[in-house]
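S.K.: Need coordinates for the below:
(one chain, ligands or ions: 1)
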Amino acid sequence: MRLSHLRALNNSAIMAHIDSTIRHLKDGSEVTLRTGVEEDAPSLLATLSNYISENEGMVWEPDEYRKSEQEIGEWIRTMRENPKEILILATSNNEIIGNIDFHVGARKRIAHVGELGMGMLPAFRSRGLGSLLLDRLIRWAKQVPELEKINLNVISTNERAIGLYRKFGFEEEGRRLREFKYSNGSYADAVLMGKIIRPASVHFGSGTQFETTRPELGK
Ligand SMILES: CC(C)(COP(=O)(O)OP(=O)(O)OC[C@H]1O[C@@H](n2cnc3c(N)ncnc32)[C@H](O)[C@@H]1OP(=O)(O)O)[C@@H](O)C(=O)NCCC(=O)NCCS
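M.R.: Now for the predicted structure:
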């Protein structure tokens, strides 16, 4: 057996995965939610390029996103090799229409938290797809024993995204002021949001070396 096949077999035991499921948007349209795999790279690149260039809520200027299929394939592969990371795709008629991805910190002290990113084709917005994707990610994350918190970073003008995150219990934890500067000279802040998904694993009493605000979160 070739080395690459052995490696794939080895990794399949630890790869993050969700079973493929059919869900429905608010208007009854069927969508499939499933784990993204390396073979999705060309279609995912087309979807990402589409919604990033359309420019709602994205960090990139419309003409700035220039990833190759190889880079997207590598991005998917590294996520799949980490059991605490996942790429969930939404498809409709076998076309990738949206995605949500989750990455954890590389260092031990931030390995219990991760950051999500998500987006979808314009035609599917405000139809309930974001809710389906976020709900699936949160349910998956709650089943990964080491994960305790989901973070994200959203542009302050992106009311739709902030509305979605609040609906799922994310709270604003701070802002980076004037983090984004647009080609027309206007600015927006980065809103830092988070959701604790598991009780703290140590007691936050007085006199411990640990310090956090609101230790009751996640209980
Ligand atoms: C932001 C985004 C992921 C939201 O997904 P969506 O499918 O449009 O959202 P949903 O239809 O599931 O709506 C979820 C909730 O968001 C809120 N919401 C929806 N549209 C809203 C709007 N225009 N203003 C404020 N809140 C809004 C509502 O609370 C809604 O819940 P409800 O349906 O129970 O009323 C999606 O619109 C998108 O991909 N936008 C472009 C890329 C992007 O901004 N990505 C996020 C970067 S941080």
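
S.K.: CA atoms for contacts and neighbours, from now on please.
M.R.: Fine.

S.K.: could you pull out the strands for the chain?
M.R.: 21-24, 30-35, 86-92, 95-104, 113-120, 149-155, 171-181, 187-196 (DSSP state E).

S.K.: Out of these, which gets nearest to residue 79?
M.R.: Closest to residue 79 of these, according to C-alpha to C-alpha: strand 86-92, at 5.9 Å.

S.K.: out of the strands of the chain, nearest to the ligand?
M.R.: strand 113-120 (3.3 Å; C-alpha to the nearest ligand atom).

S.K.: The closest one vs the ligand: in contact?
M.R.: Yes: residues of strand 113-120 are located near the ligand by C-alpha under 6 Å from any ligand atom, namely 118-120.

S.K.: Okay, buried residues for stretch 23-41 please.
M.R.: Going by neighbour count (16 or more other C-alpha atoms under 10 Å), the buried part of stretch 23-41 is 25, 31-38, 40-41.

S.K.: I'd like the strands of the chain laid out as JSON lines, including mean pLDDT and distance to residue 60.
M.R.: Below are the strands of the chain laid out as JSON lines (pLDDT from 0 to 100; distance: least, C-alpha to C-alpha, whole Å):
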{"stretch": "strand 21-24", "mean pLDDT": "98", "distance to residue 60": "30"}
{"stretch": "strand 30-35", "mean pLDDT": "98", "distance to residue 60": "25"}
{"stretch": "strand 86-92", "mean pLDDT": "98", "distance to residue 60": "20"}
{"stretch": "strand 95-104", "mean pLDDT": "98", "distance to residue 60": "17"}
{"stretch": "strand 113-120", "mean pLDDT": "98", "distance to residue 60": "13"}
{"stretch": "strand 149-155", "mean pLDDT": "98", "distance to residue 60": "12"}
{"stretch": "strand 171-181", "mean pLDDT": "97", "distance to residue 60": "10"}
{"stretch": "strand 187-196", "mean pLDDT": "98", "distance to residue 60": "13"}
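
S.K.: Residue 129 and residue 184, how far apart?
M.R.: Computed as C-alpha to C-alpha, to the nearest Å, the residue 129 to residue 184 distance reads 31 Å.

S.K.: before we move on, back to that, okay, the strands of the chain in CSV with distance to residue 50 next?
M.R.: Shown next, in CSV, are those (distance: least, C-alpha to C-alpha, whole Å):
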stretch, distance to residue 50
strand 21-24, 23
strand 30-35, 19
strand 86-92, 15
strand 95-104, 10
strand 113-120, 9
strand 149-155, 19
strand 171-181, 21
strand 187-196, 23
